[in-house]
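**Q** Got a sequence here, can you model it:
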Amino acid sequence: RGVGSDITEEKRAEAARQRVDARLRHATQMAAVAHWVWDEETGRCIDCSDNLSHFSGLPREDFIGMTNAALQSFVHPDDLDAFRAAIADFYAGGDRFEAVFRAVTRDGRIRWCREIVERIPGPDGRLTHSIGTLQDITDERQLQNELRQAKELLQSQLDSSPLGIITMDDNSCITSWNPAAEAIFGWTAEEVIGKPSPQIPLDREHERRELRERVGRGEAVRGFETLRHHKTGRRIHVSIHAAPLTSETGAFSGAVYVIADITDRKREEAARARVEAQLRHATQMAMIAHWVWDEETGRCIDCSDTMQHFTGVPREAYVGLSQEDIESFVHPDDWADYARTVSDFDAGGERFEAVYRTRPAPGVVRWCREIAERIPGPDGRLTHSIGTLQDITEDRRLQNELREAKEQLQSQLDSPPLDIITLDT
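**A** Sure, this is the predicted structure:
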């Protein structure tokens with residue numbers, strides 16, 4: 001007689017693992033993050049996600065078995081030397097490397113990528129394998145280039161303007177002081193940054209307060225003629241143009257002053273006052289969260305640990321939450337739009353995408369992009385949905401800064417005391 005064993009639990013566990021694997025694969029595809037696994041001993045790819053084709057134009061099955069040399073054929077020629085150097089350092093004993101490069105698809109399209117690779121144990125426990133992720137950062141690079149160009153243009157105008165351009169924060173301390181201001185007043189930027197204006201005579205202090213009040217109310221001041229003094233003590237006749245600066249929320253954050261030395265009738269272009277901060281995009285391999293929703297019970301049945309980054313709630317507390325519970329994580333100003341998007345999805349939509357803010361902790365606000373799609377439940381019916389959350393706080397900040405940069409540049413081009421003509425050289 002045969003002897004049997006009950007493997008029901010093993011089958012259930014296997015099915016659960018397959019569902020988790022499918023959900024993770026679906027989540028990475030939605031977020032345009034591909035992955036691969038490499039056998040260091042054979043020097044070939046042994047597994048990869050379907051969306052690796054997004055970066056190459058080749059189907060998944062063509063990648064399995066590929067060598068390193070074959071994979072490098074997709075790297076842009078201008079990036080190949082740096083990429084190979086990173087690979088060489090990794091093979092020389094590194095446990096991890098990160099590279100940013102351009103990938104060229106089979107049909108000639110170019111995508112900027114961020115690749116992160118780490119060594120992992122093989123079946124025998126030795127570090128004979130490596131796993132890597134590829135993330136499409138094309139949009140980020142485009143935004144970075146636009147910011148760089150705006151910064152270079154504004155800095156060039158700031159440095160080359162014959163007009164003195166000074167910016168001050170909401171505490172009336174100097175935040176920037178261009179070379180023309182140095183030439184007009186005699187103080188260097190290093191001497192004045194972070195301090196109150198040194199060029200205002202005591203008998204003109206009331207004018208400073210008046211200008212500050214007018215600008216603080218949102219008023220643009222033009223052609224205000226007065227006296228200032230040079231570092232040597234001599235008095236200078238100046239014409240001042242002033243305008244308010246605002247934060248991304250619209251709150252007053254300081255002022256820009258454009259000063260012409262009318263003793264010598266100097267009037268020239270005015271450049272915007274604030275220099276754009278360097279683009280910084282926090283990228284971590286695990287900073288994309290996902291969740292699974294049971295439409296019939298109206299509750300979350302699974303999620304990644306990184307949901308805590310967006311909600312402040314650990315995974316075990318998030319699982320089981322209802323739609324009403326989640327309302328507390330969404331910023332009040334965004335809840336109405338978010339609720340409408342969810343309502344349209346609940347009414348029969350197969351996919352939704354929403355951009356909104358979350359509040360994971362007091363005083364902490366994160367902008368995120370959420371994408372959700374319906375997926376089959378255990379019985380094959382579309383009774384479940386899966387969603388991803390991506391932190392786009394830095395992108396939103398950069399977009400706001402780019403918008404402010406363009407608006408302030410246009411304001412300076414529209415309202416300086418001298419006509420400015422921009423020539424295409």
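
**Q** Let me see the mean pLDDT of stretch 206-219.
**A** What stretch 206-219 shows for mean pLDDT is 86.

**Q** How about stretch 74-88?
**A** Averaging pLDDT along stretch 74-88 yields 88.

**Q** With just CA atoms, put that stretch into PDB.
**A** In PDB, the C-alpha atoms belonging to stretch 74-88 read as follows (Å, rounded to 0.1, in the frame of the first residue of the first chain):
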ATOM      1  CA  PHE A  74      22.300  48.700 -25.500                       C
ATOM      2  CA  VAL A  75      24.400  51.400 -23.700                       C
ATOM      3  CA  HIS A  76      24.800  54.700 -25.500                       C
ATOM      4  CA  PRO A  77      28.300  54.900 -27.000                       C
ATOM      5  CA  ASP A  78      29.000  58.200 -25.200                       C
ATOM      6  CA  ASP A  79      28.300  56.500 -21.800                       C
ATOM      7  CA  LEU A  80      30.000  53.200 -22.500                       C
ATOM      8  CA  ASP A  81      33.400  54.000 -21.100                       C
ATOM      9  CA  ALA A  82      32.000  55.200 -17.800                       C
ATOM     10  CA  PHE A  83      29.600  52.200 -17.600                       C
ATOM     11  CA  ARG A  84      32.400  49.700 -18.300                       C
ATOM     12  CA  ALA A  85      34.600  51.400 -15.600                       C
ATOM     13  CA  ALA A  86      31.700  50.900 -13.100                       C
ATOM     14  CA  ILE A  87      31.400  47.300 -14.100                       C
ATOM     15  CA  ALA A  88      35.100  46.700 -13.700                       C
END
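
**Q** low pLDDT regions in this structure?
**A** In the predicted model of the chain, residues 1-32, 122, 151-152, 154-160, 264-287, 377-378, 413-425 satisfy pLDDT under 70.

**Q** Helices along that one, start to end?
**A** Applying DSSP state H to the chain gives helices spanning 8-30, 53-56, 60-63, 68-72, 77-91, 138-160, 179-185, 189-192, 205-216, 307-311, 315-318, 323-326, 332-346, 393-414.

**Q** I'd like to know which of those is closest to residue 112.
**A** Comparison of the helices of the chain against residue 112 by C-beta to C-beta identifies helix 138-160 as nearest, at 4.3 Å. Any C-beta I mention is one placed from the backbone N, CA and C, and that applies to glycine too.

**Q** Just tell me which of the helices of the chain ends up closest to residue 37.
**A** helix 60-63 (10.5 Å).

**Q** ok so, going back, turn the helices of the chain into JSON lines, columns for mean neighbour count and distance to residue 301.
**A** Listed next are the helices of the chain as JSON lines, based on neighbours: other C-beta atoms under 10 Å; distance: least, C-beta to C-beta, whole Å:
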{"stretch": "helix 8-30", "mean neighbour count": "13", "distance to residue 301": "10"}
{"stretch": "helix 53-56", "mean neighbour count": "20", "distance to residue 301": "29"}
{"stretch": "helix 60-63", "mean neighbour count": "16", "distance to residue 301": "28"}
{"stretch": "helix 68-72", "mean neighbour count": "13", "distance to residue 301": "37"}
{"stretch": "helix 77-91", "mean neighbour count": "14", "distance to residue 301": "39"}
{"stretch": "helix 138-160", "mean neighbour count": "16", "distance to residue 301": "32"}
{"stretch": "helix 179-185", "mean neighbour count": "20", "distance to residue 301": "62"}
{"stretch": "helix 189-192", "mean neighbour count": "14", "distance to residue 301": "58"}
{"stretch": "helix 205-216", "mean neighbour count": "14", "distance to residue 301": "53"}
{"stretch": "helix 307-311", "mean neighbour count": "21", "distance to residue 301": "13"}
{"stretch": "helix 315-318", "mean neighbour count": "16", "distance to residue 301": "10"}
{"stretch": "helix 323-326", "mean neighbour count": "14", "distance to residue 301": "13"}
{"stretch": "helix 332-346", "mean neighbour count": "14", "distance to residue 301": "17"}
{"stretch": "helix 393-414", "mean neighbour count": "16", "distance to residue 301": "28"}
